[in-house]
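Novice: The sequence and its predicted three-dimensional model are supplied below.
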Amino acid sequence: MTGAAQQWAHGGMSIGSVLDLLRPDFPDITISKIRFLEAEGLIRPERTPSGYRRFSVADCERLRFVLTAQRDQYLPLKVIKEQLEAIDSGAATLGVREARARARTARPDTGRSEPENDGAEVLPRPPRRLGVPPGRVTPDDFEFDHQIRVTRADLLDRAGIDEAFLSDLIRANLIIPGPAGFFDADAVTLAATAKAMAEFGLEARHLRAFKLAADREAALVAQIVAPIAKSRDAGARARAEETVRELAALSLTLHASLVKASVRNSLGG
């Protein structure tokens, strides 16, 4: 039995194992890319009670379909998501093998082919169990990967904001572009969240309080982890990174609980 089969037999694969499984066919795949596709709603892996993602066979096939459609057909995520929703509803049955076949037989004039539905069977999705309370942040949410680069135009499109709003976020140091002007995947989430909060009258300048609180929490985590990172022991850096992820996840869960309690008290609950 292969390593992947053994993990599936014991409740699914970790995100790192999925990465190893897909990388031979998709060399550019990264952990951040998988997390981004999950955030966009294209995959929905289960979570363990401790909060780690576990990917089923169906999750991996779904990832293959998304990545194949992007690579071979140049489809935008919106179109791919619509196709997956049609599959989930039973209105279509489009498998990864069919997507590859269509790419190989694409018309020469466009490089693409029209959608087909030849009745191919798709692996059924198992019922999803919620292993983590909604809103809880887990350590693998802090798997940093700098290989994903989002352009300014792509950020505006994905977050649904305009240039002026993005400029306000940058001036407030809520979003910081990289040296080459690119953004990371988290900037998309941050911008979309800021937009949602703006609908309640909170402008970028009001969100500075959240940034200052985040900086203080990050500084505290860094202070705790510094002795581990400075150790000369083998694997010290890996232990430090793991500790950072765990402490950061715990601090955000604590922060959310404290805010919830304060809001409840302010409302007289």
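Specialist: Thanks, I have the structure now.

Novice: what about residue 49, how many neighbours?
Specialist: 7 (other C-beta atoms under 10 Å). The way it works is simple: take the backbone N, C-alpha and C, and place the C-beta from them, glycine included.

Novice: Residue 214 too?
Specialist: Other residues near residue 214 come to 14 when the count uses other C-beta under 10 Å.

Novice: Please save the CA atoms from the strand or helix carrying it in PDB.
Specialist: Assigned by DSSP states H and E, residue 214 belongs to helix 208-230. Provided in PDB are the C-alpha atoms of helix 208-230 (Å, rounded to 0.1, in the frame of the first residue of the first chain):
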ATOM      1  CA  ARG A 208      -5.600  51.000  12.000                       C
ATOM      2  CA  ALA A 209      -6.600  49.900  15.500                       C
ATOM      3  CA  PHE A 210      -6.800  46.300  14.300                       C
ATOM      4  CA  LYS A 211      -3.400  46.600  12.600                       C
ATOM      5  CA  LEU A 212      -1.800  47.900  15.800                       C
ATOM      6  CA  ALA A 213      -3.300  45.100  17.900                       C
ATOM      7  CA  ALA A 214      -2.100  42.500  15.300                       C
ATOM      8  CA  ASP A 215       1.400  44.000  15.400                       C
ATOM      9  CA  ARG A 216       1.500  43.700  19.200                       C
ATOM     10  CA  GLU A 217       0.300  40.100  19.200                       C
ATOM     11  CA  ALA A 218       2.900  39.200  16.500                       C
ATOM     12  CA  ALA A 219       5.600  40.900  18.600                       C
ATOM     13  CA  LEU A 220       4.700  38.800  21.600                       C
ATOM     14  CA  VAL A 221       4.800  35.600  19.600                       C
ATOM     15  CA  ALA A 222       8.200  36.600  18.100                       C
ATOM     16  CA  GLN A 223       9.500  37.300  21.600                       C
ATOM     17  CA  ILE A 224       8.500  33.800  22.800                       C
ATOM     18  CA  VAL A 225       9.900  32.000  19.800                       C
ATOM     19  CA  ALA A 226      13.200  34.000  19.500                       C
ATOM     20  CA  PRO A 227      15.200  31.700  21.900                       C
ATOM     21  CA  ILE A 228      14.100  28.600  19.900                       C
ATOM     22  CA  ALA A 229      15.100  30.200  16.600                       C
ATOM     23  CA  LYS A 230      18.500  31.200  17.900                       C
END
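
Novice: got a list of contacts for it?
Specialist: Residues from elsewhere that reach helix 208-230 (C-beta atoms under 8 Å, 6 or more residues apart in numbering): 172-174, 236-237, 239-240, 243-244, 247-248, 251-252, 255.

Novice: Thank you kindly, that will do.
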